[in-house]
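Colleague: got a structure for you, letters missing:
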């Protein structure tokens, strides 16, 4: 497929959405001459912002429904990753792609292909991929290498940025970081176009079992990240059972990240103390085999052992890409984190407020609670996706106070809290109600964090909408 192959082609974009892949797929394909139809189960009112973004292009819209004939007649269907592959509409399609598969396919036709680093996992994907991009961006901007560092650093994928948005800008020497969900990886099965120079797998936890049915099915999609790697590439994974299985399968060189010092002969990095209060160390395998270097600083702008692990995984990939350990460490020390992931966004009267709306599984919310030196006031709960809430219930006992948002997941959590005698307030039907309740007891020196441990469906459009509404409510009601 070439960049000008879409002229006159009948293309159907399934799932326009409010940002990311659907919108950018439509924009890119329309700009390349495709005869474009966009179909979405949401109506024109909900999609008004995206439709406005496409006002300069000729687009036919089928909204509030799908029409089977559109799928039968299209030369190409570009699906949203959230659409299940067993959709009857997709079964009628001749050819199916996603914005990620289009990007990777079109990259193969570039004279100078970018160096690609890919990140997946259950939690920590966005922080790890953003940290990778942060350091690579500094590397290219500052030219901190022998001679001049050509190129730029780009990031896209599951982080709400479609790589199609920068495809036409790519030049020689560029780096591209792709954050990939299991759904996005599953849509690449059999295409053999993802060949990352560095593949990073963040910790694996139970997630999306409502879609996959089993952990094995879920992890089977994750494994696709390294399927086409060679001995010239690197695979970074944790030193647990899943990580060891990834390293056994991958042809890429193995690098391990761990909470404990590594055994002799195992290369990678570790947090030098169980509490995570000291620097992370790494044992080099390439330049000076066996030499130990400090790779992540002890003080980070975003708190928590899990954040230090995210940055450690990114740092190991960067080491293998040829960056200097001192440069990596110094760059990571200024990494500000990302929106909706333990994001510090407001302080008033000595009270600090954090937004961790992207914590959509109980383990992530549990980690957020334990990230702070003093017990925080925790706002949590939401919609269930067939998960075990016992990790969140255990960590909730550490919180100074607990406020629950309504939802099916919250009902499961309440049973565990009641059994353990843990007090809570709510459930509340809005973040405004939760903020009003917590302001009745919060005092100077307190930390407040929204970390739901659940999906956002029902009360919010998605986790990002939830995070924005939380921040708006805090700024309005907390002064």
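Modeller: That came in fine, so what should we check first? Computed from a prediction, not measured in an experiment: that's the story for all the values here. Numbers count the residues shown, from 1 in each chain.
Colleague: Walk me through the domains of the chain.
Modeller: 10-97, 103-332, 343-477 (automatic domain parsing).
Colleague: And these, which one averages the lowest pLDDT?
Modeller: With a mean of 89, domain 103-332 has the lowest mean pLDDT of those.
Colleague: ok, back up a step: will you turn the domains of the chain into CSV that also has mean neighbour count?
Modeller: Heads up, the C-betas are built off the backbone N, CA and C, glycines and all. Output for the domains of the chain, formatted as CSV (neighbours: other CB atoms under 10 Å):
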stretch, mean neighbour count
domain 10-97, 18
domain 103-332, 20
domain 343-477, 20
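Colleague: Next, give phi and psi for the spatially most central residue of the chain.
Modeller: Nearest to the geometric centre of the chain sits residue 126, at 3.4 Å (CA atoms, centre = their mean). Backbone torsions for residue 126, taken as degrees, to the nearest 10, come to phi -70, psi -40.
Colleague: surely it meets residue 342?
Modeller: No. Using CB atoms under 8 Å, residue 126 is not in contact with residue 342, being 11.1 Å away.
Colleague: what do these two both touch?
Modeller: With contacts defined as CB atoms under 8 Å, 6 or more residues apart in numbering, no residue is shared by residue 126 and residue 342.
Colleague: From start to finish, how long is stretch 445-463 in a straight line?
Modeller: 28 Å (CA to CA, to the nearest Å).
Colleague: sec struct for the closest residue in space to residue 211 that isn't next to it in sequence, please.
Modeller: Ranked by CB to CB, 6 or more residues apart in numbering and with sequence neighbours excluded, the top spatial neighbour of residue 211 is residue 84, at 7.0 Å. Here residue 84 is recorded as coil under DSSP: H, G, I helix; E, B strand; the rest coil.
Colleague: List the residues that contact the residue nearest to the centre of the chain.
Modeller: Taking CB under 8 Å, 6+ apart, one finds 158, 159, 179, 338, 341, 358 in contact with residue 126.
Colleague: mind listing which of the residues you listed are in strands?
Modeller: residue 179 (DSSP state E).
Colleague: returning to what we had before: you'd agree the residue nearest to residue 211 is up against residue 212?
Modeller: No. The criterion here is CB under 8 Å, and residue 84 misses it with residue 212 at 10.5 Å.
Colleague: who are the neighbours in contact with the residue lying closest to residue 449 once chain neighbours are set aside?
Modeller: Distance criterion CB to CB, 6+ apart; nearest residue to residue 449, sequence neighbours excluded, is residue 354 at 4.1 Å. Going by CB under 8 Å, 6+ apart, residue 354 touches 342, 343, 344, 345, 368, 376, 447, 448, 449, 450, 451.
Colleague: cool, residue 295 as well?
Modeller: Residue 295 touches 269, 279, 280, 281, 282, 312, 315, 316, 319, 325, 328, 329, counting by CB under 8 Å, 6+ apart.
Colleague: Any chance of TSV for these, columns secondary structure and distance to residue 475?
Modeller: Formatted as TSV, the contacts of residue 295 follow (DSSP: H, G, I helix; E, B strand; the rest coil; distance: CB to CB, whole Å):
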residue	secondary structure	distance to residue 475
269	strand	38
279	coil	35
280	strand	35
281	strand	40
282	strand	40
312	helix	33
315	helix	34
316	helix	38
319	helix	40
325	helix	40
328	helix	35
329	helix	34
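Colleague: can you put the residues you listed in JSON lines and add distance to residue 423?
Modeller: Listed next are the contacts of residue 295 as JSON lines, based on distance: CB to CB, whole Å:
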{"residue": "269", "distance to residue 423": "40"}
{"residue": "279", "distance to residue 423": "38"}
{"residue": "280", "distance to residue 423": "37"}
{"residue": "281", "distance to residue 423": "41"}
{"residue": "282", "distance to residue 423": "43"}
{"residue": "312", "distance to residue 423": "36"}
{"residue": "315", "distance to residue 423": "41"}
{"residue": "316", "distance to residue 423": "42"}
{"residue": "319", "distance to residue 423": "47"}
{"residue": "325", "distance to residue 423": "47"}
{"residue": "328", "distance to residue 423": "44"}
{"residue": "329", "distance to residue 423": "43"}
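Colleague: Just give me the closest of those residues to residue 427.
Modeller: residue 312 (36.6 Å; CB to CB).
Colleague: quick one, what contacts that closest one?
Modeller: Neighbouring residues of residue 312 by CB under 8 Å, 6+ apart: 257, 269, 270, 271, 280, 282, 295, 296.
Colleague: Excluding sequence neighbours, find me the nearest residue to the third one.
Modeller: Nearest-residue entry for residue 270: residue 258, 4.4 Å, with adjacent residues in sequence omitted and distances by CB to CB, 6+ apart.
Colleague: Next up, phi/psi of that neighbour, please.
Modeller: Note on residue 258: backbone dihedrals following degrees, to the nearest 10 are phi -150, psi 160.
Colleague: hang on, isn't it packed against residue 267?
Modeller: No. Counting by CB under 8 Å, residue 258 does not reach residue 267; the two are 11.3 Å apart.
Colleague: quick one: the helices in the stretch 101-250 of the chain?
Modeller: 125-142, 182-186, 209-212, 215-222, 241-249 (DSSP state H, counting those that start in this stretch).
Colleague: what residues does the fourth one touch?
Modeller: What it means is helix 215-222. With CB under 8 Å, 6+ apart, helix 215-222 has contacts from 120-121, 182-183, 185-186, 189, 201, 204, 206-209, 212, 242.
Colleague: quick one: which two of these are the most distant?
Modeller: Most distant of the contacts of helix 215-222, by CB to CB, are 189 and 206, 21.8 Å apart.
Colleague: quick revisit: quick check: the residue nearest to residue 270 vs residue 472, distance?
Modeller: 40 Å (CB to CB, to the nearest Å).
Colleague: for residue 39, same thing?
Modeller: 32 Å.
Colleague: try residue 355
Modeller: Between residue 355 and residue 472 the computed distance is 11 Å (CB to CB).
Colleague: same deal with residue 54?
Modeller: 27 Å.
Colleague: residues in contact with the residue nearest to residue 270?
Modeller: Taking CB under 8 Å, 6+ apart, one finds 238, 239, 268, 269, 270, 271 in contact with residue 258.
Colleague: and what of residue 349?
Modeller: Listed by CB under 8 Å, 6+ apart, the contact partners of residue 349 are 444, 479.
Colleague: ok so, going back, which of the helices of the stretch 101-250 of the chain sits closest to residue 302?
Modeller: Nearest to residue 302, of all these, is helix 125-142, at 7.6 Å by CB to CB.
Colleague: and that closest one, how far out from the chain's middle?
Modeller: 14 Å (CA atoms, centre = their mean, to the nearest Å).
Colleague: helices or strands next to the helix or strand containing residue 379 in the packing?
Modeller: Element membership for residue 379, per DSSP states H and E: strand 377-380. Helices and strands touching strand 377-380, by 3 or more CB pairs under 8 Å, 6 or more residues apart in numbering; DSSP states H and E, are helix 362-369, helix 390-396, strand 401-405, helix 431-438, strand 447-450.
Colleague: again, only using 6 Å
Modeller: Applying 3 or more CB pairs under 6 Å, 6 or more residues apart in numbering; DSSP states H and E, we find strand 377-380 packed against strand 401-405.
Colleague: From residue 340, how far out is the residue nearest to the centre of the chain?
Modeller: Residue 126 is 8 Å from residue 340, by CB to CB.
Colleague: Also residue 431?
Modeller: Distance from residue 431 to residue 340, counting by CB to CB: 13 Å.
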